[in-house]
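Student: This is the structure alone, sequence omitted:
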């Protein structure tokens, strides 16, 4: 996945290095099954060398692909419908986002048709089932995820990722069992991403515990920007509830978000979070960050654009008391028709602005905003919540 992202940005040498690292990991983890596992990587080598105009090397790797496909009795010289390929596609879909849970489930099911006892494929199916539940939250999908995750954990006691996800499905029905699973994870896992997910479980009720878990994760991988971002979110929550020591908590939050930006300078959400923290004491720093982000707007994703309009609008609405300007920002964000959580917040803010206009007897302005919401809101996203 990293190689693919580097390729999209034209960073072909970095992409090749990622493929080399992936190849080494496959050689280490699958020595008896290496040719079947490495087939996709060899195809990617050929693709990258083609883009670099190293046609001899591209042909070298195409020949490797041909030989493997021939040994597998494949009908195509450059493709093979084998379980390993289906599973790799499933993992790639999950890496791209849990919204792909259903499609990933199909991939692992196809892999398991030919190798029904494969623990890796079964683990992938269980995580894909959990991913499907997060985007289609109902009792049937939750029960399916819980059943598959439980079965995997019975066979793979050290599958801490599965334990975190099982704990999340149990949170509302068996908190004690969920916390027991997570205690095992926190004590034994060395995977920073798994620890990050465990920290999220405790964030609302036990923020100090979340901070402790994140600090351990950071000690394992100091360069992972999302660990620093989540740590900042925890300090922000502490700040909202603090009656004393606010200065120290604010400084800790600012430092965490600054570190997140140092590790990932392009992170829009880290910039927005840092701006909000600066705004506690120095609103002009906050405004400067928003203005810089507004100048970058054309290059941002739709969700990031919505987030910028939301935060900039909040600054104008709550701090500057500029109803008209805030309304324009909220409207600009709301016209972006993707169903991200920010869009629902933008709608709420527009309704708040309309309420302010109504209270000041600016009835026409309030009605204009309500008309705008009704005309802009599409049935596809009306009332939709993303998890």
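Tutor: On my side now, so go ahead. Quick caveat: nothing in here was measured; it's all calculated off a predicted structure. Numbering: from 1, shown residues only.

Student: shaky segments in this structure?
Tutor: Residue ranges of the chain with pLDDT under 70: 378-387.

Student: what helix or strand does the nearest residue to residue 30 once chain neighbours are set aside sit in?
Tutor: Nearest non-adjacent residue to residue 30, counting by Cβ to Cβ, 6 or more residues apart in numbering: residue 37, 4.5 Å away. For glycine as for every other residue, the C-beta is placed from the backbone atoms N, C-alpha and C. With elements taken from DSSP states H and E, the one containing residue 37 is helix 34-51.

Student: And that helix, what does it pack against?
Tutor: helix 2-8, helix 12-29, helix 55-71, helix 83-96 (3 or more Cβ pairs under 8 Å, 6 or more residues apart in numbering; DSSP states H and E).

Student: Report whether the expected contact of residue 268 with residue 308 is present.
Tutor: Yes. Look at residue 268 against residue 308 with Cβ atoms under 8 Å: they come within range, at 6.8 Å.

Student: Residue 134: neighbouring residues, count only.
Tutor: 18 (other Cβ atoms under 10 Å).

Student: pretty sure it is in contact with residue 98, am I right?
Tutor: Yes. Using Cβ under 8 Å, residue 134 is in contact with residue 98, at 5.2 Å.

Student: and residue 311, what does it touch?
Tutor: Counting by Cβ atoms under 8 Å, 6 or more residues apart in numbering, residue 311 makes contact with 272, 275-276, 290.

Student: Over to it: give its phi and psi.
Tutor: Backbone torsions for residue 311, taken as degrees, to the nearest 10, come to phi -70, psi -40.

Student: ok, now how distant is it from residue 5?
Tutor: According to Cβ to Cβ, to the nearest Å, residue 311 stands 26 Å off from residue 5.

Student: now residue 307
Tutor: 21 Å.

Student: Who has more neighbours out of these two?
Tutor: Taking neighbours as other Cβ under 10 Å, residue 307 and residue 5 compare with residue 307 leading, 23 against 12.

Student: list the buried ones in the strand or helix carrying the more buried one?
Tutor: Element membership for residue 307 (DSSP H and E) is helix 302-314. By 16 or more other Cβ atoms under 10 Å, the buried positions in helix 302-314 come out as 303-314.

Student: can you check stretch 204-215 too?
Tutor: For stretch 204-215, burial by neighbour count (16+ other Cβ under 10 Å) applies to 207, 209-211, 213-214.

Student: swap in stretch 333-351?
Tutor: Here stretch 333-351 shows 333-334, 336, 339-340, 342-347, 349-350 as buried, counting by 16+ other Cβ under 10 Å.

Student: can you give me the end-to-end distance of that stretch?
Tutor: One end of stretch 333-351 to the other measures 14 Å (Cα to Cα, to the nearest Å).

Student: and that stretch, how far out from the chain's middle?
Tutor: 20 Å (Cα atoms, centre = their mean, to the nearest Å).

Student: ditto for stretch 190-208
Tutor: The answer for stretch 190-208 is 15 Å, by Cα atoms, centre = their mean.

Student: got it, and stretch 158-176?
Tutor: With Cα atoms, centre = their mean, you get 19 Å for stretch 158-176.

Student: List the buried residues in stretch 276-290.
Tutor: 276-279, 286-287, 289-290.

Student: closest to residue 120 among the buried residues of stretch 204-215?
Tutor: Using Cβ to Cβ, residue 213 comes nearest to residue 120 of the buried residues of stretch 204-215, at 26.6 Å.

Student: Now for the residue nearest to the spatial centre of the chain: which residues touch it?
Tutor: Residue closest to the mean C-alpha point of the chain, counted by Cα atoms, centre = their mean, is residue 97 at 6.2 Å. The contact partners of residue 97, by Cβ under 8 Å, 6+ apart, come to none.

Student: Alright, calling it a day.
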